[in-house]
Each structure stands twice: as structure tokens, then as C-alpha cells.
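**Student:** A predicted structure for the sequence below; I have some questions about it.
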Amino acid sequence: MAVVETKDLGRRYGDTWGLRDASFTVEKGEMAVLAGPNGAGKTTTIRILTTFLKPSKGWANVLGMDVVKDYKSIRRRVSYLPQEYEVSNDLTPMEAVMWNLVARGWPISRARDHAKKWLELMGIWELRKRTCWNLSGGEKRRVSVAMVLATEADLIFLDEPTVGLDVEIKHSVWKAIREIISQGASIVLTTHNMDEAETIADKVVMVDQGKTIIQEQPRKLVGSLPYRYRVVVGKSEKLADSSLGEFIDLGDRLIIYARERGEAVRLVDELSLVTNIYSMSEVGLEDAYLYIIKGRGSHHD
């Protein structure tokens, strides 16, 4: 059963299209990640699906309801964390999570117990009595995420929930998100971080310049690449006559792709004689993104 369906969805701001063509589906119990660069149309898509913006063209159904006609019903059944949202500094983490649940109709006693569960999952239970004035930006972001996940809404939208968080805190947020997915929740999350998308998504919807490019499982997107390894090397004039195959020019460095491990090892051995070798690794979703969306960038065959 699809909890989100969109077709040719677009939004225009004056003469500028913030979103041109969003066409994708999200199934019940699925963690779908809208992945793409800043300005690709991810936030505009989320704001339409949560009924804060009306589409200029196309259509979208959320939980089987039309985003324009049924916006009141949709708002009662979804939960949304905007990228720019900040929890009130006058509240403690316990108050923020608990009163958000009460505002949605939860009994106070149940809301208090549930707030405890999610503050523990987010690793901020020990901060529960401090006002948010005394919390760091990362701690306040975790409070905001807890507020949304604790609602157990039929569909949850998270817009760049881990932006600005350090690695350890980011992992605690990922764990909490996957925890609720394992219990049957449906989540749509936006990110420009391809490592994040590859790690936590059941489905990745790649967007670029306001258009949906492809939707697929991360492993299948990575598996569709014609190469399996990447070697990052320093740029050097001595590489001009070398047989590099496919590569992406990063200015003072190159990402060179190899179809198998033996080829990658050979590249490292040969190129180490004429330039610096920075890394050799298996390809990931970021490479799939560059290959699919950027058309391989600057390359040499």
C-alpha cells in the first residue's frame, strides 16, 4: 500500500520553478530518502506533501488523500520536522516532547511515559530537566527529532534532520529512525548526504533541478554502476599520457574508477610513481549519484 504517490508534481514561485516534476511513490513501512544537492527541490516537495504549499501542477496523494482537497485530514495524521525548526528555549526536553504529544490528543500520563522512551533513545534523558537555553545546537536538534518520532504518526516527514550534527550524534539519530521503521512506521526524509541515504534508506529517490531522476533501493543503484572501485589521486601533469579510464576532475584531485579490484590495485601501483594516492575504496551511492545525475561529470575514455 502506498502512503505517498506523486505525479508530475511542480511548484512555481513567480517565474521560477522550485519543483518541476516530482513523480515517485513511498510504500507503507518504508524509509524513503529524497536525496540530492541543495536547491534540488527536496524541501519544496516535503512542504507540498505536508500541505504547507499548494502545487502549481501535477497531483499528490498522502495516505490515500489529496494534498489540496484533504489537507485538514492529512495534517491530523502526519508529523513533520522542518529543516529550520528550533524547539522553544523556555521548555525542557521532557516538556517539549510531552506537551507536543498532549497537543495531538495524548493523555498526559501516556505522553510522559512515551517522552521518557524517546529521550532515552535519542541519548538525552539525562538532560530532561534542563531548559533548552542550556543545550547545544546538536542537543536541541535531537529534542526536535524526538518530538516528531514520538508522535507515532501514520507518516513522518523529516527535512535534513541530521544537518550540523557530529558523527556520534548522527548515528544515534539514525538508530532511532531505524527503530521506529522496524516497528512499522513510514518515513520520508530529505538529505544531501549520500552516505546517510545509503546507510538508512529502504528506497532512494534521487532529485536534481526540481525533477525526480530515479527511485530505487540503494544497493541496486550502486550495483548498476559499471565499476566497483574508486581511487582518489592527486592531479599531475605526469598523468596526461596515462590510461586513466573514467574519472571525475575535482580540481587538484581526480576520482578514477576501476571495474574490479585488480584493476584498482594496478592503478594504485602505477600512479603512486607519479602522484599522491589518497584512497582506494569500493564505490557507493555518491558515485551512483554522480554517474546518474551528473552524467559522469568531467571524464576521459
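**Tutor:** Received the coordinates, thanks.

**Student:** which residues touch the residue nearest in space to the middle of the chain?
**Tutor:** The centroid of the chain falls nearest to T191 when counting by Cα atoms, centre = their mean (2.9 Å). For T191, the contact set (Cβ atoms under 8 Å, 6 or more residues apart in numbering) comprises V33, L34, A35, E160, T162, A197. Placement of C-beta: from N, CA and C, glycine included.

**Student:** Now the two most distant members of those residues.
**Tutor:** Within these, two members stand farthest from each other by Cβ to Cβ: L34 and T162, at 14.1 Å.

**Student:** So if I had to pick from the two, which one is more boxed in?
**Tutor:** L34 (30 against 24; other Cβ atoms under 10 Å).

**Student:** Let's test this: what are the backbone torsions at the more buried one?
**Tutor:** Torsion angles at L34 (phi, psi; degrees, to the nearest 10) stand at phi -90, psi 110.

**Student:** from memory it sits against D208, does it?
**Tutor:** No: between L34 and D208 there is no contact under Cβ atoms under 8 Å: 11.0 Å.

**Student:** so where do the strands sit in the stretch 151-300 of the chain?
**Tutor:** Taking DSSP state E, counting those that start in this stretch as the test, the strands found in the stretch 151-300 of the chain are 155-159, 187-191, 203-208, 211-216, 229-234, 247-249, 253-258, 277-282.

**Student:** The helix ranked longest in the chain versus strand 155-159: what angle between them?
**Tutor:** In the chain, assigned by DSSP state H, the helix with the most residues is helix 167-182. Per axes from the mean of the first three to the mean of the last three Cα atoms, to 10 degrees, the angle that helix 167-182 makes with strand 155-159 is 160 degrees.

**Student:** quick one: contacts of helix 167-182?
**Tutor:** Residues contacting helix 167-182 (Cβ under 8 Å, 6+ apart): 29-31, 118, 121-123, 138, 142, 145-146, 149, 152, 156, 158, 161-162, 165, 187, 189, 196, 199-200, 202.

**Student:** Also stretch 25-38?
**Tutor:** If you take Cβ under 8 Å, 6+ apart as the criterion, stretch 25-38 is touched by 1-6, 24, 42, 45-46, 177-178, 181, 184-192, 194, 196-197, 200-208, 215, 285, 289, 293.

**Student:** Show the buried residues in the residues you listed.
**Tutor:** 2-4, 6, 24, 42, 45-46, 177-178, 181, 185-192, 194, 196-197, 200-208, 215, 285, 289, 293 (16 or more other Cβ atoms under 10 Å).

**Student:** Sheet-wise, list the partners of the lowest-mean-pLDDT helix or strand in the chain with their directions.
**Tutor:** In the chain, no helix or strand scores lower on mean pLDDT, DSSP states H and E than strand 247-249, which sits at a mean of 86. Sheet pairing of strand 247-249 (DSSP bridges) gives strand 253-258 (antiparallel).

**Student:** can I get the CA coordinates of the partner strand in CSV?
**Tutor:** Output of strand 253-258 as CSV, limited to C-alpha atoms (Å, rounded to 0.1, in the frame of the first residue of the first chain):
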residue,chain,number,x,y,z
ARG,A,253,42.5,15.7,-7.3
LEU,A,254,40.9,13.0,-9.6
ILE,A,255,38.5,10.2,-8.8
ILE,A,256,39.5,7.4,-11.1
TYR,A,257,37.1,4.4,-11.5
ALA,A,258,38.0,0.8,-11.9
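
**Student:** L267 and K54, how far apart?
**Tutor:** 52 Å (Cβ to Cβ, to the nearest Å).

**Student:** same thing with A264?
**Tutor:** As judged by Cβ to Cβ, A264 and K54 stand 50 Å apart.

**Student:** So between those two, which is more surrounded?
**Tutor:** Between A264 and K54, counting by other Cβ under 10 Å, A264 is the more crowded of the two (21 against 11).

**Student:** from memory that one sits against M280, does it?
**Tutor:** Yes: counting by Cβ under 8 Å, A264 does reach M280; the two are 5.5 Å apart.

**Student:** Now do the shared contacts for the two.
**Tutor:** Common neighbours of A264 and M280, using Cβ under 8 Å, 6+ apart, are Y229, R230, V231.

**Student:** Test for you: state the pLDDT assigned to G245.
**Tutor:** On the pLDDT scale, G245 is placed at 81.

**Student:** correction: S172
**Tutor:** On pLDDT, S172 comes in at 88.
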